[in-house]
Every structure is written in structure tokens, then in C-alpha cells.
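Structural data only, the sequence is not supplied:
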């Protein structure tokens, strides 16, 4: 399971929120329905750990995320996975440090993806990151997610949107 929280963007504050994946061994949905190239073919539930770079998803239903709804990006969606990295710490560094690293990474990857710095953008950012429980199960992934202004749904990719 991942943990999900949101903060609003303000002009002077980097408004990046976090979604944490919890490491519970709950029954999950597996992967989204995809074509041979790996692109989602229709909206479908998927294990949150199966979200791939470039996938578009609906906002998670809660702060503890096991499954997400993966949506083809040419359909209305809330969030798009725009950057991905793995943490290299040998032990779980704590929720605060994980959040700090995720915020720094996702902030740095924003301008290359969108085309303008986060501070000059109307778009919002959040991320999936490990929790102490998911870390025990091998989770090291930080997945950056971008969404429309004020949480508005978007259609198509925000890559190069320059807004």
C-alpha cells in the first residue's frame, strides 16, 4: 500500500504532495490492460506498483494506496507519471527524508518535462514513494505525477505543455 496526501500549490511554496505506497500483502489487481507496446488500452484497476512512466491515472481513492485506475492518456485523467527513480539507501531513511528526496527529485524533473520551472507553472505535482512497510518488501521507487491546475482533469500528455 502507498500513502497518498495532497497539498495545494501556492506562489511561493513548492506545492508537491506525496502518495505513499504501503507494503501490505493485500490482494491487488495486477497490471492494467495493455497492448503489445505496453500502452494502456482501456481504463482498468492496477496494482499501484505496476504504474509505469508515461501512464495516466485517476486520483487514488484514499491515502493508503494499493490499487489505482490506469487510464489511456488520450482520455480524461487526473495524473500522469512523468519521472521515476529508485532510492539507494540501504535502510529506510524515515518518512520525512523519503518525502524530502521525492520532492527534490520530482521538482528537478518538472521543468525538463513541462518546459517551464515549477514556480512558473499552473500545474500540480504529487508523487508515490516508499513507506517503512513497503521498504521491507523491496520498494525503493519514487514516481512523480503531474496533474492539471487546481486538480483539474486533463486529456493527453502534459509533456512540453509549457504552462
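Structure received. Worth saying up front: this structure is predicted, and the values here are computed from it rather than measured. Residues are numbered from 1 along each chain as shown.

rest of the way, CA atoms for contacts and neighbours
OK.

lowest-confidence helix or strand of the chain?
When each helix and strand of the chain is scored by mean pLDDT, DSSP states H and E, strand 2-4 comes last, with a mean of 45.

Quick one: mean pLDDT for the lengthiest helix in the chain?
Longest helix in the chain by number of residues, with DSSP state H as the criterion: helix 95-114. Averaging pLDDT along helix 95-114 gives 93.

Which elements pack onto that helix?
Secondary-structure packing of helix 95-114 (3 or more Cα pairs under 8 Å, 6 or more residues apart in numbering; DSSP states H and E): strand 16-21, strand 79-86, strand 124-130, strand 141-147.

Okay, now the unreliable bits of this protein?
Residues of the chain that meet the criterion pLDDT under 70 lie in 1-29, 62-64.

Give me the neighbour count for residue 74.
Residue 74 is flanked by 11 other residues according to other Cα atoms under 10 Å.

With residue 132 as the reference, measure out to it.
Note on residue 74: its distance to residue 132, by Cα to Cα, to the nearest Å, is 35 Å.

residues in contact with the longest helix of the chain?
With contacts defined as Cα atoms under 8 Å, 6 or more residues apart in numbering, helix 95-114 is touched by 16-18, 82-83, 116-118, 125, 127, 129-132, 142, 144, 158-163.

Now, of those, which are buried?
16-18, 82-83, 117-118, 125, 127, 129-132, 142, 144, 158-159, 162 (16 or more other Cα atoms under 10 Å).

tell me, how many neighbours does the residue nearest to residue 71 when sequence neighbours are not counted end up with?
The shortest distance from residue 71 to any non-neighbouring residue, by Cα to Cα, 6 or more residues apart in numbering, is to residue 43 (4.4 Å). Using other Cα under 10 Å, residue 43 is surrounded by 19 other residues.

distance of residue 43 from residue 158?
For residue 43, the distance to residue 158 (Cα to Cα) stands at 19 Å.

Lovely, talk soon.
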